[in-house]
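> just coords:
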């Protein structure tokens, strides 16, 4: 039995603004995690990460983050990743302000 | 105050131009992030959770009004209209865009400021007693020495790639307000038997994952030997410090692993070798710097109006009771402006507030402002006759909170609301604790209490030296907060002891409330502070208060 692979999304910081972005199936970077590609196969995920990391003039620090399938698309499973979808809790700054 | 020479100005401008080119090459893709990262860190630019963060040096915490206004301008023009004052007397902007950072640095250079060596494995901003030049208990103003160290350490060719970051703090007073024993080098001004001022040199202090209280390397160092001696210390550390393990790379570990005696031997040997190279130019420079820090022209006027205003206005009286400190000049007071309004983010000031503080410094404060490591702003020289006017203006600007040194005067690191290294949030915990104590209206009754919160083991929030320390951790994907007790960051520096299992985000504020109200029942009288009670009774009674259910279980 291959060891189980928990689903992932590829995330990074946008080069100019520094805010959180996620990689979509169409190879674009989205500001909304629900539009990200949910990766369920480890080998495919590793390949996608290599591709993402090569896009040096668009993003910085790409990595695989745990996620799960939600009704509207991928959702974060860890609180750190959840904060990255919203912004800080002390001010309505960042994504929570831009998306509302 | 020190003002830039032509040399300083040209140096800072050339660094801005270099960085502008580096940013351009990063944006067009000719530099990768791995190549760019060390370059941006050398200029104080971090990439955090939601955005870049620019950390600007406020050398030894001293600012003039023009500089404070420029910080406000930068906040409005390129950020979100506020700045965050840090525990190393710096200011951080949380939302700069990469392409704007060179312009921000240019704007800083316009007022003699920069962000050089606010990150990376170099000698960082030299911090000092925030009451420097004003405190009644001071031997000498430590800032000229801090400025000398700043000039020496900036771009020092030998020390640009140290094993790890290196922090120096200086105090000129007996009472240590600069946490010197928790720095890589702490310099405490003392007098020798002949009455001459010099330094007690402390080495190897630090917080973080392995907290250590600094050890005395030299009980008395003549002032004239300061630069060669510091150079000898950093030089020995540069060669001896570990580069194989990031967590064992700070000088505190070097001292711990090699022993103080061995370090002493090596430093004295190196000092003897390089001392002759310092032929007196540093002392001539120091004399010039000292002249730039000459005390302001203090005035003499009646303080009758001050006493009358105190009697007439209880809110003003309460503020003067908590937010003033003794000044060395007759008729003057040191004003601490609390940047810790109950429920707000510790250390955050809006651009409007910055401008108000700059105006007050100009009009009533001999043109000086300080940032404290406790994340407040200081007007070091205010005549008591002007205090009522200063208070009224601060009140207008929502800056008149009377809580300096009290339960709600909390140090908190940015935590997981901003920081990429954090394991839990700190700011909301600080906000909730302050709000709760304000609701209870008991913080004046509680008296002196230092609560310090860090959102990870790196301890930027100084939790190890809080009377009550709170450390936020990630326990199996949930925020969890550990409490330490009995820490102290003054001349009697002590690392706090862990009280027991951590608390969830929902449990931590009630736990702190239980602890503090429990202390009220344990103290001998209102004069015994939380720390004194802890020292008298030890951990047990506090543990019983924190974990009542377990106490019952044990008794059963």
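Received it, and whenever you're ready, just let me know what you need. Since we're looking at a predicted model, the values are computed, not measured. Numbers count the residues shown, from 1 in each chain, chains lettered A, B, ... in the order given.
> doesn't residue B:437 make contact with residue B:343?
No: checked against Cβ atoms under 8 Å, the pair residue B:343 and residue B:437 is beyond contact range at 10.5 Å. From N, CA and C alone the C-beta is placed, and that goes for glycine too.
> okay, these two: which has more neighbours?
residue B:437 (25 against 16; other Cβ atoms under 10 Å in any protein chain shown).
> any idea how far residue B:504 is from the more buried one?
Separation of residue B:437 from residue B:504 (Cβ to Cβ, to the nearest Å): 20 Å.
> Just read off the phi/psi values of the residue of chain B found nearest chain A.
Per Cβ to the nearest Cβ, the residue of chain B with the smallest distance to chain A is residue B:29, at 3.0 Å. With angles defined as degrees, to the nearest 10, residue B:29 sits at phi 90, psi 0.
> And residue A:5, by the same measure?
phi -120, psi 120.
> and the closest residue to residue A:70 other than its chain neighbours, how many neighbours does it have?
Of all residues not flanking residue A:70 in the chain, residue A:34 sits nearest, at 7.0 Å (Cβ to Cβ, 6 or more residues apart in numbering or on different chains). Applying other Cβ under 10 Å, we find 16 residues neighbouring residue A:34.
> what does residue B:210 give?
14.
> what bridges to the closest residue to residue B:333 other than its chain neighbours?
Once flanking residues are discounted, residue B:333 sits nearest to residue B:324: 4.5 Å by Cβ to Cβ, 6+ apart. On the basis of DSSP bridges, residue B:324 is bridged to residue B:335.
> Is residue B:324 in contact with residue B:338, as I believe?
No: Residue B:324 lies out of contact with residue B:338 (Cβ under 8 Å); the separation is 11.9 Å.
> Compare the two (neighbour count), which wins?
residue B:338 (26 against 17).
> Could you pick out the residues of the stretch 101-250 of chain B near chain A for me?
For the stretch 101-250 of chain B, no residue is in contact with chain A (Cβ under 8 Å from any Cβ of the partner chain).
> pLDDT below threshold where in the stretch 101-250 of chain B?
Along the stretch 101-250 of chain B, the model assigns pLDDT under 70 to no residue.
> Kindly recompute the last result at 90.
Along the stretch 101-250 of chain B, the parts satisfying pLDDT under 90 run over B:174.
> what do you get for chain A?
Ranges of chain A meeting pLDDT under 90: A:1-4, A:98-100.
> can you point me to the longest helix in it?
Scanning chain A for the helix with the most residues, using DSSP state H, yields helix A:42-53.
> Now it: buried residues?
For helix A:42-53, burial by neighbour count (16 or more other Cβ atoms under 10 Å in any protein chain shown) applies to A:45, A:48-49, A:52-53.
> Next: stretch B:92-107.
Buried residues in stretch B:92-107 (16+ other Cβ under 10 Å): B:92-98, B:100-102, B:104-105, B:107.
> In chain A, which residue sits nearest chain B?
Counting by Cβ to the nearest Cβ, chain A gets nearest chain B through residue A:57, at 3.0 Å.
> related to what we said a few turns ago, the residue nearest to residue A:70: what secondary structure?
Assigned with DSSP: H, G, I helix; E, B strand; the rest coil, residue A:34 falls in the helix class.
> these two touch, right, it and residue A:68?
No: using Cβ under 8 Å, residue A:34 is not in contact with residue A:68, being 11.6 Å away.
> okay, and the common contacts of those two?
Residues touching both residue A:34 and residue A:68 (Cβ atoms under 8 Å, 6 or more residues apart in numbering or on different chains): A:74-75.
> Report the contact partners of residue 39.
I'll assume chain A. Going by Cβ under 8 Å, 6+ apart, residue A:39 touches A:7-10, A:45, A:48, A:64.
> Can you look at chain B instead?
Contacts of residue B:39 (Cβ under 8 Å, 6+ apart): B:19, B:22, B:31.
> got it, and residue B:31?
Contacts of residue B:31 (Cβ under 8 Å, 6+ apart): B:22, B:25, B:39.
> Stretch B:455-473 vs chain A: in contact?
No: applying Cβ under 8 Å from any Cβ, one finds stretch B:455-473 separated from chain A by no less than 11.1 Å.
> Report the rounded mean pLDDT for that stretch.
The average pLDDT for stretch B:455-473 rounds to 97.
> start to end distance for that stretch?
Stretch B:455-473 has its terminal residues 7 Å apart, counting by Cα to Cα, to the nearest Å.
> same deal with stretch B:106-123?
22 Å.
> Give the buried residues for that stretch.
Residues of stretch B:106-123 classed as buried: B:107-109, B:111-123 (neighbour count, 16+ other Cβ under 10 Å).
> Out of these, which comes closest to residue B:5?
Closest approach to residue B:5 among these (Cβ to Cβ): residue B:112, at 10.0 Å.
> Would you enumerate the residues in contact with the closest one?
For residue B:112, the contacting residues are B:3-4, B:8-9, B:12, B:67, by Cβ under 8 Å, 6+ apart.
> Give me the subset of the residues you listed lying in helices.
B:8-9, B:12, B:67.
> Using ChimeraX, define a selection of the buried residues within these.
Command for ChimeraX that selects the buried part of the ones in helices among the contacts of residue B:112, burial taken from 16+ other Cβ under 10 Å:
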select /B:8,12,67
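> Need the ones in helices among the contacts of residue B:112 in a markdown table (columns: pLDDT and distance to chain A).
Below are the ones in helices among the contacts of residue B:112 laid out as a markdown table (pLDDT from 0 to 100; distance: Cβ to the nearest Cβ, whole Å):
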| residue | pLDDT | distance to chain A |
| --- | --- | --- |
| B:8 | 95 | 30 |
| B:9 | 96 | 30 |
| B:12 | 97 | 24 |
| B:67 | 98 | 25 |
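> nearest to residue B:289, of the ones in helices among the contacts of residue B:112?
Distances from residue B:289 to the ones in helices among the contacts of residue B:112, taken as Cβ to Cβ, are shortest for residue B:8 (11.8 Å).
> Just give the closest residue to that closest one, not the sequence neighbours.
Excluding its sequence neighbours, the residue lying closest to residue B:8 (Cβ to Cβ, 6+ apart) is residue B:112, at 7.3 Å.
> ok but that neighbour is inside a strand, no?
No: under three-state DSSP, residue B:112 sits outside any strand and is assigned coil.
> Quick check: residues of chain A near chain B?
Checking chain A against chain B by Cβ under 8 Å from any Cβ, the hits are A:13, A:15-20, A:56-57, A:60-61, A:77-80, A:83-84, A:87-91, A:93-95.
> List buried residues within those.
Counted by 16+ other Cβ under 10 Å, the residues of chain A next to chain B give A:13, A:15-20, A:56, A:60, A:79-80, A:83-84, A:87-88, A:90-91, A:93-95 as buried.
> Now go through those residues and say which are in helices.
A:79-80, A:83-84, A:95.
> can you redo those residues as TSV with distance to residue B:185?
Formatted as TSV, these follow (distance: Cβ to Cβ, whole Å):
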residue	distance to residue B:185
A:79	38
A:80	35
A:83	36
A:84	37
A:95	42
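> Show the average pLDDT along stretch B:18-29.
Stretch B:18-29 comes out at a mean pLDDT of 97.
> Check which residues of that stretch are buried.
B:19-20, B:22-23, B:26.
> Any idea how many residues pack against the nearest residue to residue B:464 once chain neighbours are set aside?
Spatial nearest neighbour of residue B:464, excluding adjacent residues (Cβ to Cβ, 6+ apart): residue B:211 at 4.4 Å. Per other Cβ under 10 Å, the neighbour tally for residue B:211 reads 22.
> close enough to count as contact, residue B:211 and residue B:495?
Yes: using Cβ under 8 Å, residue B:211 is in contact with residue B:495, at 4.6 Å.
> what residues are shared contacts of these two?
Taking Cβ under 8 Å, 6+ apart as the criterion, residue B:211 and residue B:495 both touch residue B:464.
> tally of neighbours for residue B:304?
A count of nearby residues for residue B:304, using other Cβ under 10 Å, gives 10.
> Let me see the contact set for it.
Residue B:304 neighbours (Cβ under 8 Å, 6+ apart): none.
> Kindly report the same for residue A:59.
Residue A:59 is in contact with A:12-15, A:21, A:29, A:52, counting by Cβ under 8 Å, 6+ apart.
> Cool, thanks, talk later.
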